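A.B. asks: Prediction below, plus the sequence it came from.
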Amino acid sequence: MGVYHIVYSPELKEICLYFDGGCNFSCHGCITRYYPQDCHLDELPRDTKKKRLSQREVISFLKSLSFRRVIFLGLEPALDPDFLLLAKILKERFSTYNIVLTNGWEYIDDKAIDEVCVSIKAYSKTIFKEFTGKDNPEKVLENFKKYAENCSIKLRAESVFIPGYIDNEEIEKIARFIASIDSTIPYRIDAYIPFGGKDKFRKPTKEEMERANTIAHRYLKKVSILHKGIKVRDKVKRVY
Ligand code: SF4
């Protein structure tokens, strides 16, 4: 448990804190398990997982940096006992804008959190169960609605596009669901990244991603896509 990796974007004044507190889902090709470090780093991954940082160590790494936003990610931050405590300390000491990336299974309601990005893995019950190992997507969808009703939290959504599995039909269902709450909620579709050479799923093509973008745009006003062909605008540096 705890923070195992930190990156910093000076242009954005943004810190990413990667947590290793486990996850209640078991998604096929889990990006954090296969690619535990920030994929925008311009260097080879290092093994920092052996040593998790204490809260004091995290603060000592950050205090000399100029930052405003902190993103909490990694495995499921909501399950990590260090996550909320750190969010509170950072808000108090550095007046940070705190963003958490979550699978939506737990509802996080705390004044230290400014923004939540819920990863909606699937809308259909069978796909959700098969992909995450959990029975009811309704729990995530209900939590998503609760976030939308919470005026003190800004809400975003994201999904992973997997050709032949979680593709146009499923993305359309998710986009329709989000639009039924609020069509202005931002929605990002990420291209699936296969692991090793043995994955049964492949990465989507640029055309497939653009098609998914068009479909989601039928329902939502703010849709974006992320795949390898898209240039990263802001450099990130390793802090730990
Ligand atoms: S919810 Fe995220 S961290 Fe958890 S298994 Fe799925 S991809 Fe991995």
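C.D. replies: The structure has been received and is ready for your questions.

A.B. asks: show me where pLDDT drops low in the chain?
C.D. replies: 45, 48-49, 229-233 (pLDDT under 70).

A.B. asks: ok, the spatially most distant residue from the centre of it to V239 distance?
C.D. replies: Here the chain reaches farthest from its C-alpha mean at S64, the gap being 26.2 Å by CA atoms, centre = their mean. Distance, S64 to V239, by CB to CB, to the nearest Å: 10 Å. C-beta here means a position set from N, CA and C on the backbone, and glycine is covered the same way.

A.B. asks: Identify the residues contacting the closest residue to F195 other than its chain neighbours.
C.D. replies: Once flanking residues are discounted, F195 sits nearest to Y34: 4.2 Å by CB to CB, 6 or more residues apart in numbering. Residues near Y34 by CB atoms under 8 Å, 6 or more residues apart in numbering: 193, 195-196.

A.B. asks: Now N213. Nearest residue, chain neighbours left out?
C.D. replies: Nearest one to N213, counting by CB to CB, 6+ apart, is I225 at 4.8 Å.

A.B. asks: Partner strands of the helix or strand harbouring that neighbour and their direction?
C.D. replies: For I225, the element it lies in under DSSP states H and E is strand 223-226. Here strand 223-226 is paired, per DSSP bridges, with strand 187-191 (parallel).

A.B. asks: which residues touch the partner strand?
C.D. replies: Contacts of strand 187-191 (CB under 8 Å, 6+ apart): 156-161, 171, 174-175, 178, 203-204, 209, 212-213, 216, 220, 222-228.

A.B. asks: just the buried members of the residues you listed?
C.D. replies: 156-161, 171, 174-175, 178, 203-204, 209, 212-213, 216, 220, 223, 225, 227 (16 or more other CB atoms under 10 Å).

A.B. asks: Give the bridge partners for V70, please.
C.D. replies: Beta-bridge partners of V70, as defined by DSSP bridges: I15, N98.

A.B. asks: hang on, the earlier thing: would you mind confirming that the residue nearest to N213 makes contact with E207?
C.D. replies: No - assessed by CB atoms under 8 Å, I225 is found out of contact with E207, at 11.3 Å.

A.B. asks: Out of the contacts of strand 187-191, list just those in strands.
C.D. replies: 156-161, 223-226 (DSSP state E).

A.B. asks: Right, I'll leave it there.
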